[in-house]
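Participant: Kindly return the folded structure for what I paste below:
(one chain, ligands or ions: 2)
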Amino acid sequence: MAITHPSFGTLDDNRIIIFDTTLRDGEQSPGFSMNLGEKLRMAEALTELGIDVMEAGFAIASPGDFESVKAIAESIGQRDDSPVIASLARAGQMDVLRAAEALKSAKRKRIHIVIATSDLHMKHKLRLTPEEVIEATISSVTLARQHADDVEWSAEDATRSDPDFLCRVVEAAIRAGATTINLPDTVGYALPEDISKMFADIRARVPGIEKIVLSTHNHNDLGLAVANTLAAINAGVRQVESTINGIGERAGNASLEEIVMAIRTRQDAIPRHNHIKTQGLLRISKLLSTITGFDVQPNKAIVGRNAFAHEAGIHQDGVLKMAATYEIMTPESVGWAKNSLVLGKHSGRAAFRDRLQTLGYRIGDNQLNDSFRRFKDLADRKKVVFDEDIVALVDDEVMRDHERIKFLSLDLHAGSKRPARAELELEVDGVTKTATATGDGPVDATFKAIQNIFPHEANLVLFSVGAVTEGSDAQARTTVRLEENGKLVDGQGADTDTIVASARAYVHALNKLLVKRTRTEPTALNA
Ligand code: KIV
Ligand code: ZN
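Facilitator: Ligands and ions are numbered 1, 2, ... in the order given. So this is what the prediction gives:
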């Protein structure tokens with residue numbers, strides 16, 4: 001039956017709402033924290049991808065979280081093509097009001113309330129009786145409806161909750177005004193048949209359920225998050241919650257790209273539709289990897305390096321004769337393209353801007369100028385400039401927006417005859433500073449020069465180098481992980497010069513550390 005939703009109007013039976021929680025559930029997992037500029041960049045890319053709801057954060061968790069939800073509501077949230085902007089809130093007055101305040105300027109907003117409903121969580125974590133959980137549900141949803149027409153209510157640990165109690169509390173949430181009911185598999189415990197049964201039960205037993213949107217949110221502890229999400233869709237759920245690359249608490253959430261491509265590829269079994277522009281999937285996956293410093297594993301479905309690589313001779317032969325022999329979807333449909341020579345050193349600003357637009361970037365004039373300068377420099381040094389190079393270069397530039405410490409230049413003397421020496425120039429809070437250092441190799445000398453300019457106690461715990469494209473003139477993409485008082489940050493850098501890329505990555509990590517020092521971690525989800 002078609003239903004009418006405050007944010008989406010009339011929804012036909014086959015429409016699936018894609019709710020993305022990369023910036024909340026994904027971002028709260030260890031190592032994946034992002035600063036404001038990075039969140040805005042991801043928010044922009046998610047909007048271009050066509051998601052329906054963007055969970056921008058958990059407003060009460062920290063001043064930084066509040067600011068990022070607010071900034072996304074004020075920028076993306078004002079646009080005509082904006083998704084619904086959501087903030088998480090626990091089932092308490094302060095949380096709901098803080099979420100409402102952060103979301104105030106979004107044209108379409110959602111307050112997302114969560115409270116645990118399993119005996120285990122209610123007793124040991126919340127220390128509330130089931131009746132108190134129902135009361136908190138009613139009061140928080142009622143309050144949220146005074147600030148937003150669109151209110152989602154989630155039963156944390158729904159899959160381990162008593163089915164009778166779940167029906168009672170869901171009914172109470174609907175009566176209080178919830179417009180979406182989400183039943184998460186918070187600990188990734190359920191099997192697909194459990195999910196089908198839970199939703200069938202709720203749909204059969206809860207009065208009023210036919211008028212609201214049912215939602216699924218699955219964690220991947222048993223590797224079943226996507227399978228459970230598809231089972232939920234076939235059990236009548238209209239909203240799926242997921243993240244890019246499947247990032248999220250512990251083993252992560254259901255991966256958006258896998259769900260969307262499963263629906264698209266298996267229309268025979270899942271005849272549903274959504275608004276995701278699938279050609280943008282690879283691009284956004286790479287952007288997230290660049291920002292967080294975590295590459296997906298090579299065999300990751302859809303976006304892994306090997307997802308469309310055919311190694312066995314028989315397979316290669318088959319694909320060459322007829323791609324469908326071994327490809328169930330085309331690589332182009334998710335954004336894979338053969339390396340394409342796009343621009344050269346004679347290309348002008350207009351061509352560069354045009355290419356960026358084709359690649360899905362909307363960047364301001366200042367960033368365009370800086371990126372163009374770096375593109376010219378790259379085109380001088382590298383024979384051919386591929387789309388991948390431009391993506392790496394621009395993402396690198398965009399990541400550096402709002403940073404206190406900026407890389408300016410590096411001069412190196414290295415080789416086998418004498419100790420390596422680095423002459424480094426950084427800008428710190430607008431002031432240019434230089435340092436020279438020697439070290440055990442050029443990377444060591446460069447990192448010591450950074451330490452001289454900006455003394456800090458953080459330990460270097462990981463340093464890795466990869467190539468953006470093939471060939472000896474390929475750009476290097478480097479990752480530096482720093483640790484300070486148990487806090488981990490990853491920085492990235494890209495350049496044809498591996499040591500310059502390393503310096504950029506180190507500086508990026510330091511900037512993240514400065515942000516992290518001012519930030520408190522989100523508190524436990526208890527009432
Ligand atoms: O996993 C979970 O239960 C959650 C809720 C906040 C929806 O992330
Ligand atoms: Zn979750």
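Participant: so where's the longest helix in this structure?
Facilitator: helix 498-517 (DSSP state H).
Participant: how about the helices in the stretch 1-150 of the chain?
Facilitator: Assigned by DSSP state H, counting those that start in this stretch, the stretch 1-150 of the chain shows helices spanning 36-49, 63-74, 93-103, 119-120, 130-145.
Participant: Kindly reformat those helices as a markdown table containing mean neighbour count, mean pLDDT and distance to ligand 1.
Facilitator: Placement of C-beta: from N, CA and C, glycine included. Output for those, formatted as a markdown table (neighbours: other C-beta atoms under 10 Å; pLDDT from 0 to 100; distance: least, C-beta to the nearest ligand atom, whole Å):
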| stretch | mean neighbour count | mean pLDDT | distance to ligand 1 |
| --- | --- | --- | --- |
| helix 36-49 | 22 | 94 | 17 |
| helix 63-74 | 22 | 96 | 14 |
| helix 93-103 | 21 | 98 | 12 |
| helix 119-120 | 13 | 98 | 13 |
| helix 130-145 | 19 | 98 | 13 |
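Participant: Now those helices in TSV, please, with extra columns for distance to residue 235.
Facilitator: As requested, these are arranged in TSV below (distance: least, C-beta to C-beta, whole Å):
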stretch	distance to residue 235
helix 36-49	26
helix 63-74	31
helix 93-103	29
helix 119-120	24
helix 130-145	23
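Participant: between those helices, which gets nearest to residue 460?
Facilitator: helix 36-49 (21.1 Å; C-beta to C-beta).
Participant: now for that closest one, which elements pack on it?
Facilitator: Packing contacts for helix 36-49, counted by 3 or more C-beta pairs under 8 Å, 6 or more residues apart in numbering; DSSP states H and E, involve strand 53-57, helix 63-74, helix 281-292, helix 387-399.
Participant: Which among the ones you listed is found nearest to residue 121?
Facilitator: Of all the helices and strands packed on helix 36-49, strand 53-57 sits nearest to residue 121, with 20.6 Å by C-beta to C-beta.
Participant: what does the closest one rub up against?
Facilitator: Residues from elsewhere that reach strand 53-57, judged by C-beta atoms under 8 Å, 6 or more residues apart in numbering: 7, 17-21, 23-25, 27, 39, 43, 46-47, 65-66, 68-69, 72-73, 76, 83-88, 102, 110, 112, 239, 241.
Participant: got the residues of the protein near ligand 1?
Facilitator: Residues of the chain lying close to ligand 1 by C-beta under 6 Å from any ligand atom are 25, 88, 114, 154, 156, 182, 184, 186, 217, 219.
Participant: List the buried residues of the longest helix of the chain.
Facilitator: The neighbour-count check on helix 498-517 (16 or more other C-beta atoms under 10 Å) flags 498-513, 515-516 as buried.
Participant: what pLDDT does the residue in the chain sticking out farthest from the centre get?
Facilitator: Centroid-distance maximum for the chain: residue 417 at 45.9 Å, with C-alpha atoms, centre = their mean. Note for residue 417: predicted pLDDT of 86.
Participant: Next, it: phi, psi?
Facilitator: phi -90, psi -30 (degrees, to the nearest 10).
Participant: Name all residues that make contact with it.
Facilitator: Residue 417 sits in contact with no residue, where contact means C-beta under 8 Å, 6+ apart.
Participant: and what of residue 220?
Facilitator: Contacts here follow C-beta under 8 Å, 6+ apart; on that basis residue 220 touches 188, 226, 246, 248, 250-254.
Participant: How about residue 177: what's its closest non-neighbour residue?
Facilitator: Spatial nearest neighbour of residue 177, excluding adjacent residues (C-beta to C-beta, 6 or more residues apart in numbering): residue 145 at 3.9 Å.
Participant: Might one say that that neighbour is in contact with residue 175?
Facilitator: No - applying C-beta atoms under 8 Å, one finds residue 145 not in contact with residue 175, separated by 11.2 Å.
Participant: all strands of the stretch 151-300 of the chain, in order?
Facilitator: Taking DSSP state E, counting those that start in this stretch as the criterion, the stretch 151-300 of the chain contains strands spanning 180-185, 213-218, 239-242.
Participant: which of these is buried the deepest?
Facilitator: strand 239-242 (a mean of 28; mean count of other C-beta atoms under 10 Å).
Participant: Output the contacting helices and strands for that strand.
Facilitator: On a contact count with 3+ C-beta pairs under 8 Å, 6+ apart, strand 239-242 meets strand 17-20, strand 180-185, strand 213-218, helix 225-234, helix 256-265.
Participant: How about residues contacting it?
Facilitator: Contacts to strand 239-242, defined as C-beta under 8 Å, 6+ apart, come from residues 16-21, 25, 52-53, 55, 180, 182, 184, 213-218, 229, 232-233, 253-256, 259.
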